[in-house]
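Chemist: sharing a model prediction with you, sequence too.
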Amino acid sequence: MIKIDMNSPEFLSRMEKTIKFTDKVCASRGWVYNPQVEVNEGVQMGLARNKMIYNKLFCPCFMVEEVDGKPQSVDNRICPCPPAIEKEIPEGGSCHCGIFCTPEFAAAKRIELGMEDVTHTHSHSLTKEECEQLIAQHELDGDELQALIEARELGIITFKLIDVREEMEWKIGHIKNADKLIPTSSFYPSLEKSNLDKDENIILYCHVGSRSAHVAKIMKDMGYIKLGNLTHGIVSYNGEIER
């Protein structure tokens, strides 16, 4: 696992350059930042980390793999990536990582965020049967994961909650009571050390759901059979975050 000191002069310098880069991307394309500041900070830190390690601004929401001895992002995602420019932002208002948005999308998001405290509800009293049905789903939203975590605390259900982001992202903030960090950059050795049972319930999460979905496919091929994914990642989770 490659570790980078977030307080080192090298990283702070790279972070400053990365922020200037994302500022220029917004200005040149008429985009704006996501109203959720933590989303932007997480992506910028991931971009800075990837630039230091790979010398390329690989999107931090996608895995980086070795292809013919060279690092390559899954789907060739280099910021600002073609899928975001050509499809995601024009059609959906936001890039996959969530940092770049149209002004209209950002305005709607601000309204949504302002309403969440009033309208957000979720079940605090799942039955064992409901928990078993929920844990069997391959995709979970933030409310469902929060309900399962509460049920686990009550001893109704058991599962392992696995963060597949990088150590830097974990330190910025991770879901409270997450069991393990298995970074995608060192996935296979980290998974081996984790001693996860292939028959136990496992829920994976990352920043916006891409890396964890990719990891879930890999683990399924390896024989893990009870896998769930937090569909939209930690940015969609309204439960408690440890920082």
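Modeler: Cool, got the structure.
Chemist: CA atoms for contacts and neighbours, from now on please.
Modeler: OK.
Chemist: spatially central residue for this structure, please.
Modeler: Against the mean C-alpha coordinate of the chain, by CA atoms, centre = their mean, the closest residue is His207 at 1.3 Å.
Chemist: so that residue makes contact with Ile234?
Modeler: Yes - with contacts counted by CA atoms under 8 Å, His207 reaches Ile234, the gap being 5.2 Å.
Chemist: that older thread, how much space between the residue nearest to the centre of the chain and Glu86?
Modeler: As defined by CA to CA, to the nearest Å, His207 lies at a distance of 22 Å from Glu86.
Chemist: mind giving me the domain split of the protein?
Modeler: 9-117, 128-242 (automatic domain parsing).
Chemist: can you point out the buried residues in the least confident helix or strand in the chain by mean pLDDT?
Modeler: Ranking every helix and strand in the chain by mean pLDDT, DSSP states H and E puts helix 103-119 at the bottom, with a mean of 73. Neighbour counts using 16 or more other CA atoms under 10 Å place Pro103, Phe105, Ala106, Lys109 of helix 103-119 among the buried residues.
Chemist: for that helix, name the packing helices and strands.
Modeler: For helix 103-119, the helices and strands in contact under the criterion 3 or more CA pairs under 8 Å, 6 or more residues apart in numbering; DSSP states H and E are strand 32-33.
Chemist: got the buried residues for the longest helix anywhere in the chain?
Modeler: Counting by DSSP state H, the longest helix found in the chain is helix 9-29. For helix 9-29, a neighbour-count test (16+ other CA under 10 Å) marks Phe11, Arg14, Met15, Thr18, Ile19, Thr22, Val25, Cys26 as buried.
Chemist: so what's the closest residue to the third one other than its chain neighbours up against?
Modeler: Read that as Met15. Once flanking residues are discounted, Met15 sits nearest to Ala48: 5.5 Å by CA to CA, 6 or more residues apart in numbering. If you count contacts by CA atoms under 8 Å, 6 or more residues apart in numbering, Ala48 has them with Phe11, Arg14, Met15, Thr18, Leu57.
Chemist: where does this structure have low pLDDT?
Modeler: Residue ranges of the chain with pLDDT under 70: 1-2, 115-125.
Chemist: show me where it has its strands.
Modeler: Secondary structure of the chain (DSSP state E): strands at 32-33, 64-67, 70-73, 100-101, 139-140, 160-163, 174-175, 180-181, 202-205, 227-230, 241-242.
Chemist: helices and strands around the second one, which ones?
Modeler: Yep, that's strand 64-67 we're talking about. If you count contacts as 3+ CA pairs under 8 Å, 6+ apart, strand 64-67 packs onto strand 70-73.
Chemist: what pairs with the strand it packs on, and is each one parallel or antiparallel?
Modeler: Partner strands for strand 70-73, per DSSP bridges, with pairing direction: strand 64-67 (antiparallel).
Chemist: so which residues make contact with the strand it pairs with?
Modeler: Phe58, Pro71, Gln72, Ser73, Val74, Thr184, Ser185.
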